[in-house]
Structure formats: C-alpha cells, structure tokens
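Enquirer: Quick one, what's the 3D model for this:
(chains A, B, C and D)
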Amino acid sequence: MTESAAILSIVLPAASAMLGLLMGRDWARDWAVLGSLGALVAAIAELVLVGTDGPVTAFGFLGRAQLGGTTIDLALRSDQLSAAVAVLVALVAFCVQIYSTAYLAGEGTPDAPTRYPAYAATVSLFTAAMMLVVHSADLVLLLIGWEVMGLASYLLVGHHSERASARAAAAKAFLVTRVGDIGVVLAVVVLIAGAGTTSISDLNRAATENEIGHGTVLTAGLLLLAGVVGKSAQFPLHIWLPDAMEGPTPVSALIHAATMVAAGVFLMARLLPLYLTVPGALQTGAVLASISMVGAALAALAQTDLKRLLAYSTISQVAYMLGAVCVASDRELGSGDPTALAAPGVLHLLSHGAFKALLFLAAGCIVHIVGSTALADMGGLWRTHRSLAVLFGIGLLGLAGIPPFGGFWSKEAVLSAADEAAHAGTWVGWTVLVAGVLTIVLTGLYAGRAWAIVAMGRDPVLPAVGDAETEEPHENPHGHSQVPVAMMLPLYLLAIPTVAFGLVLLTPFDLLHGVEIQPGTAITGALLALSGVGWAVSAPRLGTPDIAVALPVRARALLENAFYFDAVIRALVVRPVLGLARTVQMLERDVVDAYVRAVRPTTEIAGTVLRRTQTGLATGYAVWVLVGAVVLTVAGMVLV
Amino acid sequence: MLTDITGTLTGVPRIDAVALLPVIAPVVALLLVLLIDAVRPVKPLLNLVTLAGLLTAAGGVAYLALEGTERSTACSIGVVVGTAGLSGPSPLPESLSPSDVGFGCSYLVSDLTLTGQAIVLVAAIGCLLLALDGPGAEDRTAHHTLLLATVAGATALAGARDLATLTVALETATLPAIGLIALRRDAQGAQAAVTLLLTAIASLGLLLLGIGLLFLATGSLYLSRIADVLASDPDEKVLVVAVAGAMFALAGIGFKISLVPFHQWTPDTYAGAPLPVAALLSTVSKAAGLTAAAVLLGIGLPALHDAWAPLIGVLAALTMTAGNLVALRQQVAVRLLAWSTVAQAGWVVLPLAASGTTRDGVREAVAASLGYLLAYVVAGLAVFAVVVLVARHHRAGEEHTLEAYRGLARTEPVASAVLAFALACLAGLPPGVMGLIAKVVALRPVVDAQLWPLAVVAALNVALALAYYLRWTALLLATTDQATPRWRLRPAEGIVLGGAAAGCVGLSIGAGTIAGLLPDLLR
Amino acid sequence: MSGPDLLLTALALLAAASGLLAVTGSRVVHCALWLVVSLGALAGVYLVLGAEVVALVQLLVYVGAVVVLVIFALMLTRAPVEPSDRLDAPKGQKLAAVVAGISVGGILAGTLIYALQDLTVKVQGEQGSARNIGRAVFSGWLLPFELLSVLLLAALVAAIAVSRHLPAEKRPGQSLTEDGGVQ
Amino acid sequence: MIHLLGPAVLAAALAGIGVYGILARRNAVLVLIGAELLLNAANVLLVTASALPAGGLAGLEHSQTYHDPLIPGQVMTIFVITVAAAEIGLGLAIVLLLFRARGTVELTAVRELGEASPRHTETPS
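Expert: Presented below is the predicted three-dimensional model:
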C-alpha cells in the first residue's frame, strides 16, 4: 500500500505531463490539475500509511543496474521524511496548478504567448521529478530526478523566452546550478568507486560503521554540499535565484520558494548520518548558511521589487534550514536515530514551503492587480482588496515568525538547535545562533516593510474599488481590479497550514521528535521579530512607507544590489574569462550556447595551437608518429 | 655442455572451422562477391551476400558465446627430440613442455575474442547498411570486397595469439580500409588515403621493429610464450630489448586507435573519406586497434606492465584533452566527429592505464575498455547514421557544417531525437545513461588504482566535451527560417538509425551489459 | 674477424650507404636504382645469416617486383629525370626528419649494442632451406599465411578499383553527385 | 661463428635512414622508398634474431639449446616482405590516383584537407 502510494505520487504527475502535452490545449488544464490532485491524494495516503504501517526502506522501481562489481538498485523508499515533504510538494503543486489556470489563461498576445499546455506539462514534470528525489532510495535515481528538476526549472524560468531578460535568467540559473550539479555527479562517481554503493541507507550505515574510507566520505560530502549549495541557492552560488524571478510567479512559488530550493536541505537531511562522520563538511555548510542567512536578509531589506525581495528572503530562510541541519554534529544524539537531528531543519522546510508559497501566490495576485512587480507601484492594498491583504499579511507573519503563525515554531526550533550546539561550546553553533538571531530582526524588518509598502503605503494606484469589483476599465492599463477566483482559492488553502502549523507540534509524528523549542529562545525570538516588524510598520511616520529610505543612500544601493556580489562574480570570474563583450553576447544567447562560449575562450588558445599541427602534410603527420614512438620508447625504458 | 635438441613437425595443424567462423565467413563472402561480380553482377545479390557473410560471422560469434567452451586452433604440432651425442632420436625430457620449446596456438576463442568480434561485426553491419546507397555505391563489388576483408582482418585480430597473425590481421584490417577511402577516386579521397597510408606504413614499420625486438628478446612469436618468458624474471638485457620492442609495437598500433600523437591522420582522412567509410574507420577500425592493443599488452606483455601502463595513462590524458580542445572549435560535422573520436579514444584506453600486473587486474581493465568501446560504437553509429542522412539532403553534402542541423527537430523529430540521445550518450550526460555508465566503468579501475591525476583529467574532459555535444544538440532545437525538405529515408538507413537508437536505449536500460562484459576474458 | 664477418660488414656497409643515397639523392631514377642496390645487398646479408629462402624472396619480390613498380610509378607521375631540388620537403620538415631518423636509429642501435655486445652464433645454414621453411609455414603458420592471401587479394582489388578511371568522367550522365560523392 | 652486432646495427641504421626518407621527401613515390627501407630494417632485425638458437636472448641462459622447427623469424620476414609488397602496390595505386586528380605527387602541394593549411576553408559553402 505504502509503496503504491509513493509510486503513484511520482507516476501521476509524470503521466499528466505526458497526457497534457499529447492531448492538446483543450485538455491540458484538466490533466494538470488532476495530476497534481492525484499526487496530493497519494502523498497524503502515503503519510497516513507510513504513520500506521511504519517506513518501507527500499522497494523496486526501475530495476537494478550492474556497474562492474557494484549493483545499483534503482529503488524507492518511503518514510515520514519523504512522505511529509511529498505532501508539501503535492499541496503546493496542486495550488499552483489551480492558480496557473487563471494566471496563464487564454492565448496571450502574439508577442507574448502564454503557452499554457507546455507550461502546465513542465510543472507536472517538475512535480514528478521532485517526488522522485524525495522518494529515491539510491543516489543515482536521486540524481536523475535532480537533473530533471534542474531542466524543468530552466525551462520554466525561460518560459517567456521572447524576453531577453528571461533567457538570460534561464541561462544564469542553468550555468550556476550546473556548477553545483557537477559536484553531485562527481560525488556519485566517488561513492561508487570508494564505497561500492550508492544506496542511501547503505551509505549512511557504512559511513556510521566506518566501513568507508574517511577521505571518500569527506570528498563525497563536500561534493554533494556543492550540489546542495547550488540547488538551494546558498552563498556563493545564490546569484541565480533572484534573477530566476523572471519566470511566471506561480513557478517562483513552486520551484524557487517551496520545493526545489529546499531539495538541497532534504538531501542533507537524508544523508545526515553520513555527514555526521565528517563534521568538516557540516561546518563548511554552516558557515555558508550563516553568510547566506544574514546577507540575503540584508539584501531583501532594500529590494525595490516585490518578487526579488521574496527571492532574497527565500535564500535567507533556506539558509535557516541548512544551518539547522549543519549544527547537528554538535548536538546530542538522543533517541539513536541520527535523522532526528535534522528535524528542526525539516520542520522549517515544511512551514516555509507553506508560507512562502502563500506569499508568492499572493504577490502574483498583487502583480496581477498592479501590473508591475516594482514596490514603488504598489500601495494601499488594505483599502482596495482587503481579503487579499489579509492573506498576504498572514504569509508575512509566518515569514517574520510572529507567534502563533507557522514560521514562529519552526524558526524557534532551528534557533533552539543552534543554541544547544552553541552551549556544547562549538564555534559552529555560535555562528549559526548569532546569524539566526540577527536574521530574525532583519526578517521582521523586511516583512514589516513589505506590509507597510504594499498594504498601507501611499494612495493606491487604483481607484478604491474594494472587494466589490467593478467591471469598468480602470486607469492602469496593465492591471486588473479583479482577482479571479481560481487565483484566490489556493491562497485560502495555503493560509490554513500557515496559521495552523503549530498544531502539528501538539501531536508530533516520529519524524519531528527531535524538535525541541526552548521557551527562553522562543520568547526572545518572538520579541525580536515583533520589534523588527514594529520598526518597519511604524515607518510611515517617517513620511514614507519604506523604512529602507532611512538607510544612507550608499548603504541602500549596496544592499539593493546584494553587496554587488553579482558584479564581483562577474569581475572575478566571468570577465577575465569571457571579456566584457562576450559576457553581453553570452547573456543574449541560448543557454547551451552560453555554456559552450564559457568554455571556449579558456580553451581557444590550446585548440588553436593544436589545430596548427594539422598542416595537411601527410609526412608531417608521420613525424608525430615516429617522434611519439621515440618518446614512448625512451619513457618506457626509463620506467623499467 | 650444451645439449642440442631438434624438433620435428608432424604435419598440418587441425583447423577448427567453427572456431574460425567469424573470420572465415567474411572471407567466403568476399570470394562469392568476386565470383558473382565476374559472372553476373546483380546488385541486390552482392548486397545480400555481403550482409549474409557478416550475419553468418555474427551467428558464429553468438554460437561460440553460447557454447561457452574455449577453443584453440591453428596450433603448431610436433615432437621435439634430443640428439645430443646419441645415435638416434630420444624422447623429449619430461621437464620440457611443448610450449617451452616454442610450440603454441595462433588463434584462441575466448571471451576477449568474442567480445571484440561482436563489437566489430555490429559496427560492420551498420557501416555496410549505411554505405549501400551512399557514395561509392557504383563500386559495389570493390566496396563490399574491401569491407569484408577489413572485417575478416579485424575478427582475426581479436583471436590472434601470435605476433605474425596479429601483424597480418592488423594489416588486413588496415589496407583494405585505405582502399575504401580511395574509392572516392577524387583528389580529396586520394589525399585522405595517402595521409592514412603514410601513417599506416610508418606505424607498420614501428610495429615490425617492435616485433623484431620482442622476438629477439624472447625467441618466440607466440604471445603466451612471450608472457611466460618475461614473467620468469629474465636478464636485464632481455628486459631492455623487450621494453623497447613493446613500446615500438604500442606506437605502431596507436594510430589505429587514434591516440595522440599518432592521431594526426584522423581529421584529414575523415574529412576526405566517404562518410560511411569514416564511420567504418571510427568504429570497426578503432575496435580492431583496441583489440590489438588488448591482445598485445594484456596477453603478451602483462609482465612489462610497469613500463606501458603509466604511458598509456599519459597517452589517454593527452588524447582526450587534445581531442576535446580541438573539437570545441570545429564547425564541419565530420571534422567534429573526427576530433570527438580522438577524444573518445582516450577514454577507450583509459582503463588500461590502471591494469595491475595480476591477471585479474588486467582482465578488469580490458573488460572496462571493451565495455566503453561497445557503448562508443553503438552511439557513434547512431550519430553517423544521422550525419549520413543530413549529408544526403543538405546542399553542402558531406562537408556540411553544424548549421545544417539548425532547427532539425522541427522537420525530422525522430532523427533529431536519436541524434540528441546518441550525443548525450557520447557526452555521458544523464539521459544517455549508457554513456554515463560507460564513463563510470572506464573510470572505475583508474579510481581503484588511485591514479587521481588521471581521474581528474578525465573528469575535466567530461565537462569539456559537454560543450560541443551540447552545442550540437542545442542547434537541433534552435529556430530557423530555412525550410528544409523532408527526408527520404532509405530502408537500410532506417534500419541503422533504428537499430543504433534501440542499442543506445537498450544499453541505457541494461547498462549492466557494459559493466558486466567478459566474466573471464583474458586468454 | 672471420671471413663471414668481413663479408657481412661489407654487405652491411653497402646496404646502408646505398640506402642513404636512395633517400637523399636528387635524381629520382637514381634513388630507385640505389634502392635496388641496397635491397640486393640485404639479400646478401640474409644469405650470410643462413636465410636462403628469405634472400631469394627478397630478390624476387623486392628487387624484381617492387622496384619495377616504383620505377613505373616514377615514370607515370612524370618525375623529372634531371636533378631536382623539389624532391625534398621544406627545411623545417627536413630538420624534423633528421632528428627523428637519428633518434629512431640511435635508440635501436643503443638497445641492440647493449643487448648483443660481442655475442656470436653458429649459423645454421640448413635451417633456412626451402624444405624447412615450407614445413614451418604449413605446420605452424598456416593461419597468418592464409590471412596473408586475403590481404593480398584485398590489396589487389583495391589497387584495381582505385586505378580505374573516375566513374563521373566515364559516364557523365550518370553521376554520383546526387549523394554528394563527387564534387 | 658470426658476430650478430653487425647486422643488428645495420637494422638500426636502415631504420634511421628509412625514417629520414619517409619524413624528408616531398615526392610521394620517394616517401614510399623510405618506407621500404624502414620495413627492411625490421626484416634484418628478424633474420638476425632468427640466427640465435630458440629462446632468443632469454634462452641463452639455459644450458640446453635447440633450434625452433617453426623458424619464426624467417617465416615472419617472408610475411613482412609480402605485406610490404601489398602495401606498396596499393600505395602506388593511390599515388597514381593522386597524380591523376591533382597533376602532382608533391605532398606539399596537395594539402587542402589540413585545418592549418592555407588551402583549408572552415565553412565550405
């Protein structure tokens, strides 16, 4: 039963992707929604079944592959971790599919076609891939899902391929995540060679029992960490995520907020027993997470674009999860199951998925109304669309971690974990704790700022129509005064877990047994968050809804451009390699072409020199043969 | 006091026709083709006989593989008698076995033999089908004869266990291929043929010098005997001569696999040869070269492993790096393929660099090499099939650049999908699981032997190669204003395309085949 | 030094010197003739070393057939009879040739001198007789021998096919250009 | 008794001369002459080695000597001569083809296939 539910949760979206593409426009919508609904039902069933029947560690899926002496069993597993994440993925995917039917309704214009069938199929494909990642019992199978996710993300970021900025963003996302993905591929190779297995449970067990060489584990751990950092948009590979906001907003909600970016954390949690044997890898992760956490929160504070603000906030929040997992090595192993140490991170993954998806979808509605993503164009939502404003506010409260909303519980769990590690006396715990506390204030500030600008703010752009919509054309040519029902429904759906997430902790299932919230930390955190929000919301007294205005101009520019890290990357990496002209060219070209161009200049000289030897003179080639033979012979004689 | 021993030969060796079927069948077909041509050259009949010859050979391989027994044939037989100071011949002392006094077998059916032959035959059938309607179809008789001779040489090579058979078989696999190139009978064909010919002759000279030195050192041409002598801790002088011989011989075989620096003929010859012949060079010919190297190094010279293994590693690193670097800058499809085949050659020999001195170590390395070769040949055939089709329908013909593929996915989705998948296999990118597994298989011995620098170079080359394979794939999906005509797919080409695609998919699903080749191969 | 040694040395010097002239001469026909001398001297070397059948084959195949072929080829390609400076490759290539030649020869010579030094053997004249060679070929080397016949046959077919006139010239109406075979 | 060093050095010298001949010549037929010398060098080496008793250099350590009835060295030499003849036959046919198509057998004059050759075009129309 559990097995069937898990397999269905993968197969249904995959099938709906295929059917949606094959059967054409008329059916695309039905298949997409049905597929994600099926996945949601299957995932919930799985969660219930796992709770009653216990986990299933491995069951066949794609057979097995023989690799020399290594058998790679392409099997799935189902336990509370996978089931819980699967429910989140399916829920958000379901909401996004419903939302998208309205968001991308119609044919669009010839200049900007909506391409709904392809879009919906890709989202379904992504859902299937994420489900595969979540359920994989083997790293190779996981890698397949991982790559398909990357592909779907690339396609969706570049969905509006008629826009140069979308193409460039897709290219950037592809290139940057690829850097990390190479790490995952290499890690798999290292593990096959060094450990002889890629089965996750075998790896965890073998690493814990010291059956694998420490060097192998460390190498593989660091390589996998590179993949995690890339996929989860952590420093220094975070630069693709803000640009990825070029994609349609529902996609941002699904892939670039709730699920895919959290997949890295999921992978770390899965392999935590292995990572616990190499604290060095975890410490590296903790440092990167701390930098990402504070840096991204600071950057979010000064963003002038709502979606980019949310993107930076995602980086910051995912860093919380990663930090929570990375302090695990300094915490006491309680009940014996090391996976429990990852519980705070997973908890935050789940709550973040709900409230961030809510925020993005709400942002999509706001954009729909205003016709722009710039914060400067927004304002007065409270007066014009009160219910939407309330939903948006719930999301922000969750984000800021105000009790009793979702984010509060999970964030305090993370901080408590860091606190425990810090009191164990390690610098890693302290780093994460300090960064986390700092970030709480910052999160409160930017959440409050978003509220102040969007919901309060200056006079609304639109005439005050309230929720009583008018059919009249309004003065903003791009916007709409009315939000379709299909776009509002998912918001209500997502608001439920955001509001009621704390209830989960009343009856925690086994997975979350490792979660402890220390009252002291919790109260401090809540107060800090509240003060942050309070500061920001009181900003209108300064004469502007935007608290960021209070910052010095230079600092604001610095933060808005995220410490110019993009520029630093460009100056340090891209420019020397490509030259400025080539950079421009690269951004204009297709993704793959960009990759080719990226390798090309570095190899151009070598290639040219080698080509020079192709003189076309046949006896010239014989020179190589004969001289090669001489060198070979001399070398051979030296070697013996 | 030296004792003189004289041997007497006792007759013609027994020839096991079944064991030699993979060699005999192409030869018989060759003779039939010539006969039919002399009597009444009916084109379909010529094609049929040639195909039947190759299929019979393949059937022979399959039968021998199923039978599973090891057969040796063409063994020299005789008695050896001592005559020292005695009036009449006396029987051989007990301490000497026939192999000690120089007897041996020229041909052995082992897993190595059968795997090599299977790869060669699969590739040859593909190349034949591609060539049926292509350029040179006018010279059907000559083409089929030369192709069959090449195949006979290549299959004999896989079973050859003495240096004379090895040399003759290697030449039989090389010379007719040069003739095939020249069949274009124009300036470019002639030049391509001359280029390969001169490289081949220089290499033959090196190979023969090497064989001369090996023979001087060990006194035998039988590989098993050479291996025994070298393994029995010989004199320093013997060792020096043998190493020099081994290196000369290796250099003499290197051109066949397109190893840097023996690769220089490759791009020019591919560009000047008819495309199906280029396909033959990159599959059949390369397979022959690898089996020759595996037989020579793995069976004859495992004792000199210390000398050749590190050098193979250096050659492999150089080969894949140089091939990839230049391939990045190629525009013409067939030249890109030529350089990519150079790069792949590095991968093919990579595992040999990690073969240990033990029998098992060598076995694993050779098995990995052949596994990679299998994957490469299947994917290569698929790519060549599409390139042949494009060449037939594009105005630039065989010299078409990659631009000819722009937007191909719109007009020819099936062929494009096959090409994209095969390229992914060559690159080792996830959908092409076959290629990924093959790369892992090839890297495995290297990692096991902890040759980290080599493994790193190989890994970097994966990234390097991605660039041009992806560039090609991306062009398929790009938009184009040019309306390209629909293709007319001929049945033979359809079979190759479908067969190679099925092979790629099949080996991707059953990737174990690549990794699990040859349970016990090295004899 | 014994008599055979002296004879061997003289023949070797002759073979090497005429070989050198064959690859450096500036008249093509002379080059071919020096090749005859060199190969003939080698036949003598084989004879002294007790390989009479090999010597015979050397004379028949090389001096008889190959050199005649080479001379025909020189005539057919309208090689100049008078001395020409266009026989040699450009300077850089020649320099590479000298380096490669000396290093190949040097390595071989070094190895062989180290290995053989003053090794002497008694020549087994009867070993290389036609009867023994024939028996050896048909008892021990049957497979390469048969394979060799395939090689010769294929080379013959290839040479004939290559030497025929271009089909496009012969039958202008019926060309291969449909398939891009001939430009 | 014969010293084997003489013919061995001859083999080395011929190999060097042959290599020079292959590489230093522009006329394709003369290149083939060089190749002949290289192949003959191998033959001399084989015949020389075949003058040793069975077992080659490694066999000299043993107390017993015998003569290999298979005479591998000499048989191999005959094979090589035949292979070389086939090779030269085909080689000359191809050189003649080159002459027919290009009107010259100078290798330096017919090099449009090389990528670095001045005659090479990157993108043929």
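
Enquirer: Name the single longest helix found in the chain.
Expert: Picked chain A for this. helix A:164-195 (DSSP state H).

Enquirer: other chain: chain D
Expert: Longest helix in chain D by number of residues (criterion: DSSP H): helix D:72-102.

Enquirer: Say whether chain C is contacted by it.
Expert: Yes: judged by CB under 8 Å from any CB of the partner chain, helix D:72-102 and chain C are in contact via D:72, D:74-75, D:77-79, D:81-90, D:92-97, D:99-100. (Each C-beta comes from the backbone N, C-alpha and C, glycine too.)

Enquirer: Need the buried ones from the residues you listed selected in ChimeraX.
Expert: Selection of buried members from the residues of helix D:72-102 next to chain C for ChimeraX, criterion 16 or more other CB atoms under 10 Å in any protein chain shown:
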select /D:72,74,75,77,78,79,81,82,83,84,85,86,87,88,89,90,92,93,94,95,96,97,99,100
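
Enquirer: From the residues of helix D:72-102 next to chain C, list the ones also adjacent to chain B.
Expert: Taking CB under 8 Å from any CB as the test, chain B is in contact with D:72, D:75, D:79, D:83, D:86-87, D:90, D:93-95, D:97 out of the residues of helix D:72-102 next to chain C.

Enquirer: From chain D, how far off is the residue nearest the centre of chain C?
Expert: Taking CA atoms, centre = their mean, the centroid of chain C lies closest to C:Tyr62, which sits 6.7 Å from it. For C:Tyr62, the distance to chain D equals 7 Å [CB to the nearest CB, to the nearest Å].

Enquirer: sec struct for the closest residue to that residue other than its chain neighbours, please.
Expert: Excluding its sequence neighbours, the residue lying closest to C:Tyr62 (CB to CB, 6 or more residues apart in numbering or on different chains) is C:Leu39, at 4.5 Å. Following DSSP: H, G, I helix; E, B strand; the rest coil, C:Leu39 is assigned to helix.

Enquirer: Could you give the residue of the stretch 101-250 of chain A that lies closest to chain C?
Expert: A:Ser161 (35.3 Å; CB to the nearest CB).

Enquirer: typo on my end, it should be the stretch 251-400 of chain B
Expert: Counting by CB to the nearest CB, the stretch 251-400 of chain B gets nearest chain C through B:Gly397, at 2.7 Å.

Enquirer: what number of residues lie near that residue?
Expert: By other CB atoms under 10 Å in any protein chain shown, 21 other residues sit near B:Gly397.

Enquirer: cool, and B:Lys43?
Expert: Neighbours of B:Lys43 under the rule other CB under 10 Å: 12.

Enquirer: From what I see, it and B:Glu138 are in contact.
Expert: No: between B:Lys43 and B:Glu138 there is no contact under CB atoms under 8 Å: 10.1 Å.

Enquirer: Return the residues in contact with residue 250.
Expert: All of this is about chain A. A:96, A:99-100, A:103, A:123, A:360-361, A:364 (CB atoms under 8 Å, 6 or more residues apart in numbering or on different chains).

Enquirer: ah, no, chain B please
Expert: B:Leu250 neighbours (CB under 8 Å, 6+ apart): A:632, B:210, B:293, B:296-297, B:308, B:311-312.

Enquirer: now the residues you listed: which count as buried?
Expert: Buried among the contacts of B:Leu250 (16+ other CB under 10 Å): A:632, B:210, B:293, B:296-297, B:308, B:311-312.

Enquirer: how about the strands of the chain, start to end?
Expert: This is for chain A. For chain A, strands defined by DSSP state E occupy the ranges A:56-67, A:70-78.

Enquirer: think we crossed wires, I meant chain B
Expert: Using DSSP E, the strands of chain B run over B:3-9, B:71-75, B:78-82, B:105-109.

Enquirer: just to revisit the earlier point, with respect to B:His263, which of the strands of chain A lies nearest?
Expert: strand A:56-67 (29.7 Å; CB to CB).

Enquirer: Against B:Leu429, how distant is B:Ser508?
Expert: Distance, B:Ser508 to B:Leu429, by CB to CB, to the nearest Å: 12 Å.

Enquirer: That should have said A:Phe59, apologies.
Expert: A:Phe59 is 28 Å from B:Leu429, by CB to CB.

Enquirer: These two: which has the busier surroundings?
Expert: Set side by side, A:Phe59 and B:Leu429 show more neighbours around B:Leu429, with 22 against 17, by other CB under 10 Å.

Enquirer: Tell me, how many residues neighbour the nearest residue to that one once chain neighbours are set aside?
Expert: Among residues not flanking B:Leu429 along the chain, B:Leu466 sits closest, at 6.6 Å (CB to CB, 6+ apart). By other CB under 10 Å, 22 other residues sit near B:Leu466.

Enquirer: correct me, but B:Leu466 touches B:Gly432?
Expert: No: counting by CB under 8 Å, B:Leu466 does not reach B:Gly432; the two are 11.2 Å apart.

Enquirer: anything in stretch B:202-214 near chain D?
Expert: Yes: on the criterion CB under 8 Å from any CB, stretch B:202-214 is in touch with chain D at B:202, B:204-205, B:208-209, B:211-213.

Enquirer: Could you dump these into a markdown table and include pLDDT, distance to chain A and neighbour count?
Expert: As requested, those are exported to a markdown table (pLDDT from 0 to 100; distance: CB to the nearest CB, whole Å; neighbours: other CB atoms under 10 Å in any protein chain shown):
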| residue | pLDDT | distance to chain A | neighbour count |
| --- | --- | --- | --- |
| B:Ala202 | 95 | 4 | 32 |
| B:Leu204 | 96 | 11 | 25 |
| B:Gly205 | 96 | 9 | 32 |
| B:Leu208 | 96 | 12 | 30 |
| B:Leu209 | 96 | 9 | 31 |
| B:Ile211 | 96 | 14 | 27 |
| B:Gly212 | 96 | 13 | 34 |
| B:Leu213 | 96 | 10 | 32 |
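
Enquirer: Output the below-cut-off pLDDT ranges for chain B.
Expert: B:1-11, B:78-102, B:134-137, B:357, B:483-484, B:515-523 (pLDDT under 70).

Enquirer: Closest residue of it to chain A?
Expert: B:Gly512 (2.9 Å).

Enquirer: Could you list the contact residues of the stretch 351-500 of chain B toward chain C?
Expert: Residues of the stretch 351-500 of chain B lying near chain C (CB under 8 Å from any CB): B:391-392, B:397-398.

Enquirer: most surrounded residue in those?
Expert: B:Glu398 leads those on contacts (other CB under 10 Å) with 29 neighbours.

Enquirer: So that residue is in contact with B:Val334, correct?
Expert: Yes: if you go by CB under 8 Å, B:Glu398 and B:Val334 touch, sitting 6.3 Å apart.

Enquirer: coming back round to it: and the buried ones among the contacts of B:Leu250, which is closest to chain D?
Expert: B:Gly210 (8.6 Å).

Enquirer: hang on, the earlier thing: which of the residues of the stretch 351-500 of chain B next to chain C sit farthest apart?
Expert: Those two in those that are separated most widely, counting by CB to CB, are B:Arg392 and B:Glu398, at 9.0 Å.

Enquirer: who does the worst-scoring helix or strand of chain D on mean pLDDT touch, helix- and strand-wise?
Expert: Least confident helix or strand, chain D: strand D:64-67 with a mean of 71, by mean pLDDT, DSSP states H and E. Judged by 3 or more CB pairs under 8 Å, 6 or more residues apart in numbering or on different chains; DSSP states H and E, strand D:64-67 is in contact with strand B:3-9.
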